Structure formats: C-alpha cells, structure tokens
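1. here are the coordinates; sequence isn't available:
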C-alpha cells in the first residue's frame, strides 16, 4: 500500500518570503511518480509538477522548485518570493506504475496563507 | 482546448436517495478517475475507468458505482446516500500511458 504524509497543516508567510512544503511518501514499488497539486478556494485541483522515481535531479520552474530525495522518501516543494495568489491548499501525491491503473494517493494537504 | 468538465456544480440530497454525477474528460483523454474529498482532507480514490470498464477501485462500498461511455465521458452513481457521503467529488482524466491526471472543478454534494 502507498502512503503520503504532509506534516505541515498550515503555513503563514508574508509576501515575498519563500515557502517550503514537506512531503514524505511510502511505497514498496520501485517505479512511481510524485506530484504536487494546488487547490485554490474554487476547489479545482491544479497540476503543478511531476517527477518519476528514476530522476532525482532537482529542477526549478519559474518560482517553483522541488527537492526529490529517494534515500529519505521525500519530495519537498518550494515557492520562491511568494505572492498573495499562491494562497491555497497544496497536495503531494503518489502514483505507482501498474498495468491495472494509475490511481493517485494524496497527502492531507498543507494550507498556505500569503499575507500582503 | 476544453478541460475536464463536471455537472452539476452543487447538489443537495437527503439520506437514502440516489445521485448521479457526470464528467467529460479533457480533449484526447480516454481514462477517467473519480475521487472523494471530505472537508479538510486530501482526495480519496474511488475508481478509474478505461475502455468503458472499471480498471481500478479504491476502498469504497458497492453503493458507489460508475460507468464510462464510448465518448469517454463518465458517470458516478451513489445509492442509499449517507450523511458521510457529503463531500466534493472530483473527476480527473488522463491518457493511459501518461501518469498526470487533470482535474475538473468538482461537484459538491450535500446529504441532509
């Protein structure tokens, strides 16, 4: 079985500060994908980034960056120079590569509040 | 390029009733998944449909059933509604070999 844990329930920052969201996952499978989704107050989950289990290279995309460490089963996500529009709930998710389907297992989410 | 659409947006039902929620996938996508999101929690996987068949199912009772049509759209049916079924129901679509799922705006179901 798979499990995703987001220990931070809520983070509050002032605009322009950096925000790092923690994610720890559990799976016995060796091939999997990790995701970050954003859920604004409107409710729709918005896909942000994806990383597969074979690629530990950390990347930066605009104001987003991520740190994938297989040795500690962590997939942390950073928003640089936060803006008020970044206020939302952020979910980390795991999908194991199986022929029978690719369900997403989500963490409990971290609410980010960016104050002006 | 149209994204995932869901209907209705909101729905109010009473205990014991039955409900049907609808989803149209993103253009070109043929795999549809359904998730239940209770207030303050992460989404929980209900089931996934591909080629009009249920391909994968989460830990939900048989009261939850679904269907996929030849045009890849999908329905989620819930029978004998319970108060605990009140939640945001999210539909997501993807390509079978593409692991990124794209979500619709959801249907908020309230059971009184």
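-> That came in fine, so what should we check first? The structure displayed is predicted, hence computed values, not measured ones.

2. which residue packs closest to the residue in chain A positioned nearest to chain B, ignoring adjacent ones?
-> Chain A approaches chain B most closely through residue A:101 (2.9 Å), counting by Cβ to the nearest Cβ. Placement of C-beta: from N, CA and C, glycine included. Of all residues not flanking residue A:101 in the chain, residue B:56 sits nearest, at 2.9 Å (Cβ to Cβ, 6 or more residues apart in numbering or on different chains).

3. and for the one you found, the neighbour number?
-> Number of residues near residue B:56 (other Cβ atoms under 10 Å in any protein chain shown) recorded here: 17.

4. tell me the contacts of it?
-> For residue B:56, the contact set (Cβ atoms under 8 Å, 6 or more residues apart in numbering or on different chains) comprises A:100-103, B:45, B:47-48.

5. I'd like those residues as CSV, with secondary structure and neighbour count appended.
-> Shown next, in CSV, are those (DSSP: H, G, I helix; E, B strand; the rest coil; neighbours: other Cβ atoms under 10 Å in any protein chain shown):
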residue, secondary structure, neighbour count
A:100, coil, 11
A:101, strand, 19
A:102, coil, 24
A:103, coil, 24
B:45, strand, 21
B:47, strand, 21
B:48, strand, 27
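
6. what about stretch B:65-83, average pLDDT?
-> Per-residue pLDDT over stretch B:65-83 has a mean of 97.

7. try stretch A:2-17
-> 97.

8. measure the residue lying closest to residue A:72 once chain neighbours are set aside to residue A:65 for me?
-> Spatial nearest neighbour of residue A:72, chain neighbours left out: residue A:24 (7.7 Å); criterion: Cβ to Cβ, 6+ apart. To residue A:65, residue A:24 is 18 Å away according to Cβ to Cβ, to the nearest Å.

9. strands of chain B, residue ranges please.
-> B:5-7, B:10-13, B:19-24, B:31-37, B:44-50, B:53-57, B:64-68, B:74-78, B:87-94, B:102-103, B:107-111 (DSSP state E).

10. those strands: lowest mean pLDDT?
-> strand B:53-57 (a mean of 93).

11. run the chain-centre distance for it.
-> 12 Å (Cα atoms, centre = their mean, to the nearest Å).

12. listing partners with orientation, what would you give for it?
-> strand B:44-50 (antiparallel) (DSSP bridges).

13. any idea of the angle the partner strand forms with strand B:87-94?
-> 40 degrees (axes from the mean of the first three to the mean of the last three Cα atoms, to 10 degrees).

14. contacts for strand B:44-50?
-> Against strand B:44-50 from outside (Cβ under 8 Å, 6+ apart): A:101-106, B:30-38, B:54-58, B:60, B:64, B:66-68, B:74, B:76, B:96.

15. ok, now stretch A:63-79?
-> In contact with stretch A:63-79 (Cβ under 8 Å, 6+ apart) are residues A:18-26, A:34, A:36, A:48-49, A:51, A:53, A:55-56, A:58-59, A:80-82, A:86, A:90, A:92, A:112.

16. for it, what is the average pLDDT?
-> On average, stretch A:63-79 scores 93.

17. tell me the bridge partners for residue B:53.
-> Under the criterion used (DSSP bridges), residue B:53 bridges to residue B:50.

18. residue B:19 and chain A, how far apart?
-> Separation of residue B:19 from chain A (Cβ to the nearest Cβ, to the nearest Å): 18 Å.

19. quick one: that residue and residue B:10 touch, right?
-> No - taking contacts as Cβ atoms under 8 Å, residue B:19 lies outside contact range of residue B:10: 11.7 Å.

20. who's more crowded, those two?
-> residue B:19 (18 against 9).
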